[in-house]
Each structure stands twice: as structure tokens, then as C-alpha cells.
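**Student:** Got a predicted structure plus its sequence, pasted below:
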Amino acid sequence: MAITIKDVAKHANVAPSTVSRVIADHPRISEKTKKRVRKAMKELGYHPNLIARSLASKSTSVIGLVMPESADVIFQNPFFSSVLQGLSARAYEKSFALQMTTGKTKDEIFQEVVQMVQGRRVDGLILLNSHVEDRLMSYLMNCDFPFVVIGKPYKHEEQITHIDNDNFRAAKEVTEYLLGLNHERIAFIGGHRDLVVTVDRLLGYEKALREASIELRDSYIVHAEFLKEGGEEAIDELLKLAEPPTALVVTDDLMTLGVLHMLDKMEISVAEQMSIVSFNNVFLAQMTQPPLTSVDINIFSLGYEAAKNLILKIEDPKEPVKRIIIPHQLVIRSSCERLEGKAHSSLSTKK
């Protein structure tokens, strides 16, 4: 015989309506009561009928995740597994499921989102990146559909809840760190130009160089995919310059892995001949040789806060717009060295 809400209520010595409110995580129910009811549910082996709940409340208890169009980036880059851990943790706490887009182009993803919204397949959406010209955000704003962004919106920033790092400041700080090690020929390897995170980090890098009265070189700025291959292509381009850089700001650890691979092939010593600061501080950053100096952007927290604030918007449409900045920290390891004198004015490479 199936366990019912009434059975749980009797076991926990509360009213059936209290059990229903605990299942919905109602804020007016005390944590003490919630723990007692959840303990009773677990002891009796009771599982809420989520389909019935959805029909009654006209909600799905599903959050849609708008992924990047590149499957390679999603499945190869550790950033996405880490952010999904944060998203999943909060979704689980609130009994929400996650549904990901699977489109391979921006147009396919846009059509998927339209179907999600118009078909009421999800209660809200989380965008896992932000583009300079983002018609998806405009569409969702026009529909007045609940969504939050991981990253900073390029437009209408004050109207969209978003969870981000201070990417301008972080990039400025890491560039200043390299300047403090006497490097002046500092190159920037970033993601695609239409990603707001790339724009912000590039602006921070440029600001640090300007304040140090160092000339900006267009040839020192390279954009590529957030993949190992992107890093390989970028460093190959930089090392072909007549005056190659002595230090790099690379905006993604997986890209940096490609950089390290190419430098190793060319027998260029990391730190001794080429200093590198990376971003994200995923697990591979401390496993490389040498271990990478990298900016820890607290990826888990980005995902957790995104899910938390979307669910707040779903539960209360009057929830105010928020700009949540997740703190970052430069984790110094062994991929940078002080540049002494002019001894590194040129790089000798073996190909």
C-alpha cells in the first residue's frame, strides 16, 4: 500500500497541510518542523508526486540551462562540470530538475528556448554565458519570462539578475602581477570577441598596461575557442612574431593546457622563458607541469547562486533584480618568474 501525505503527517505529528508546505519548502515553516517532516518522509519511504504537484501549481519544477553552442566546449572544459555542480546542488535542495539545451548553433538554441518558454516546459532559464549582441536575452525580457545570467549582460544590465565575477578587476590585477615581475611584453589570449567575459578581461588587461605607460600591441591580443586547441593556435601565432611576448594572460585553464603543450613541443621553458597566468583554477591547474598560477573564480558558487536566485524569481515574480559579484582570488603557483634585466629579449625555439 502506497504511503500518503496523511501517513507522513501522522508519523511526524503535524497536519497534512504542513507536510505539503514542507514539500514546497514554504518559508513560513520552521527549519525544526521541516527537519522532522523530512525525517518522517525518509523513514516511511515517501516520495512526493511531482507530476501531481506540477498540475496543481501549474509549474514544472524544472530549470532550463542554456548551454554554449559548442559541444566540445561543454564536454571538454572543466568550467562547465564545476558550474553544473553548483546549479545541481541548489536545484536538488529545492526539488527542481535541470533541462539543458542541445542545439549546435545559436539559431538552434534560440528555437529550443522558444519551445521551452511557449510550451511551458520549464519554470525559468539560466544562461551560462553572455554575448555582446544577445537576442535571447531580448526575447526573454519581452516575454517577461524568469531568467538569470551567469556573466554580465552587455545591455540592460540594471534590468537583469546576473551572477558574475569582477572580470575587469581580475584581469587588471593579474596583468599588474606580471608587470610587478618586470614583464612588459605581456600578451592576452582570450575567448571569442562576442563574449562579454572576454571583453571585460581584455579591458582590464589594457587598463593595467596603460597605467604602466606600456604601449598596447594589437599583435599581442589573440582570440580563440575555450579549448586546448584554441590555446595551441594562439601561442603558435604569438611565437611567430618578430618580438614575441615574455608573459601571457590566458583567460581559461583549458586553453592554457594547449599553450603548455605547444611550448613543450618548442622546448620553451614555462616560467623561466615564458610566464603564464591563467583563469578559472580548475583541478587541472595544479596538475600541470609546472602548476599554474590561476585566478580562482569560485565556479561552484557561480552556479549555486544562479540557481538560488532563479528559484527566488520563480517563487516570487516581484523578487528584485540583483547583481551578485562572486569574489575571485589569484592562486600563485610556479608558472611565473621575475624577468631579470633584458636577458629575455628574444626566445630561441626548436621546431
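**Tutor:** Thanks, I have the structure now.
**Student:** can you give me the mean pLDDT across stretch 262-274?
**Tutor:** Per-residue pLDDT values over stretch 262-274 give a mean of 96.
**Student:** Let me fix that, I meant to ask about stretch 178-191.
**Tutor:** On average, stretch 178-191 scores 97.
**Student:** cool, and stretch 41-61?
**Tutor:** pLDDT averaged over stretch 41-61 gives 70.
**Student:** go on, stretch 96-104?
**Tutor:** 92.
**Student:** next one: that stretch to chain centre, how far?
**Tutor:** 16 Å (CA atoms, centre = their mean, to the nearest Å).
**Student:** on contacts alone, who are the packing partners of the helix or strand that contains residue 313?
**Tutor:** Assessed by DSSP states H and E, residue 313 sits inside helix 299-315. On a contact count with 3 or more CB pairs under 8 Å, 6 or more residues apart in numbering; DSSP states H and E, helix 299-315 meets strand 62-66, helix 78-93, strand 124-127, strand 147-150, strand 162-164. C-betas here are computed from N, CA, C, even on glycine.
**Student:** Rank the helices and strands of this structure by mean pLDDT and give me the bottom one.
**Tutor:** helix 50-57 (a mean of 52; mean pLDDT, DSSP states H and E).
**Student:** Dump stretch 130-139 to CSV, restricted to CA.
**Tutor:** Taking C-alpha atoms only, stretch 130-139 is exported to CSV below (Å, rounded to 0.1, in the frame of the first residue of the first chain):
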residue,chain,number,x,y,z
SER,A,130,26.6,36.3,-22.1
HIS,A,131,27.1,37.6,-25.7
VAL,A,132,27.6,41.2,-26.9
GLU,A,133,24.6,41.0,-29.1
ASP,A,134,22.3,38.6,-27.4
ARG,A,135,18.8,38.3,-29.0
LEU,A,136,18.0,35.5,-26.5
MET,A,137,18.0,38.0,-23.6
SER,A,138,15.9,40.4,-25.5
TYR,A,139,13.4,37.7,-26.3
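**Student:** for that stretch, which positions count as buried?
**Tutor:** 130-131, 134, 136-137 (16 or more other CB atoms under 10 Å).
**Student:** which two of those lie the greatest distance from each other?
**Tutor:** 130 and 136 (9.7 Å; CB to CB).
**Student:** And the next helix or strand past the helix holding residue 313?
**Tutor:** From helix 299-315, the next helix or strand downstream (DSSP H and E) is strand 323-325.
**Student:** Each with direction, which strands does that next one pair with?
**Tutor:** Its sheet considered, strand 323-325 pairs with strand 162-164 (parallel) by DSSP bridges.
**Student:** gap between the partner strand and the chain center?
**Tutor:** That offset, for strand 162-164, works out to 9 Å (CA atoms, centre = their mean).
**Student:** now do stretch 190-209
**Tutor:** The answer for stretch 190-209 is 16 Å, by CA atoms, centre = their mean.
**Student:** Can you tell me what sits against that stretch?
**Tutor:** Contacts of stretch 190-209 with the rest of the structure, by CB atoms under 8 Å, 6 or more residues apart in numbering, involve 129-133, 151-154, 167-173, 175-176, 179, 186, 188, 215-216, 221-226, 230, 249, 251-252, 255, 279.
**Student:** and the residues you listed, which are buried?
**Tutor:** 129-131, 151-154, 167-168, 170-173, 175-176, 179, 186, 188, 221-226, 230, 249, 251-252, 255, 279.
**Student:** Residue 181: neighbouring residues, count only.
**Tutor:** Number of residues near residue 181 (other CB atoms under 10 Å) recorded here: 17.
**Student:** can you count the residues close to the closest residue to it other than its chain neighbours?
**Tutor:** Using CB to CB, 6 or more residues apart in numbering and skipping residues adjacent in sequence, the residue nearest residue 181 is residue 338, 4.5 Å away. Neighbour count for residue 338, taken as other CB under 10 Å: 11.
**Student:** Now do the SS call for residue 338.
**Tutor:** Secondary structure state of residue 338, per DSSP: H, G, I helix; E, B strand; the rest coil, is coil.
**Student:** can I assume it is in contact with residue 179?
**Tutor:** No. Using CB atoms under 8 Å, residue 338 is not in contact with residue 179, being 11.2 Å away.
**Student:** quick revisit: which among the buried residues of stretch 130-139 gets closest to residue 159?
**Tutor:** When the buried residues of stretch 130-139 are compared against residue 159 (criterion: CB to CB), the nearest one is residue 137, at 9.6 Å.
**Student:** Do you know the pLDDT at the closest one?
**Tutor:** For residue 137, the predicted pLDDT is 94.
**Student:** I figured it was touching residue 156, is that so?
**Tutor:** Yes. Here residue 137 reaches residue 156: they are 7.2 Å apart, a contact under CB under 8 Å.
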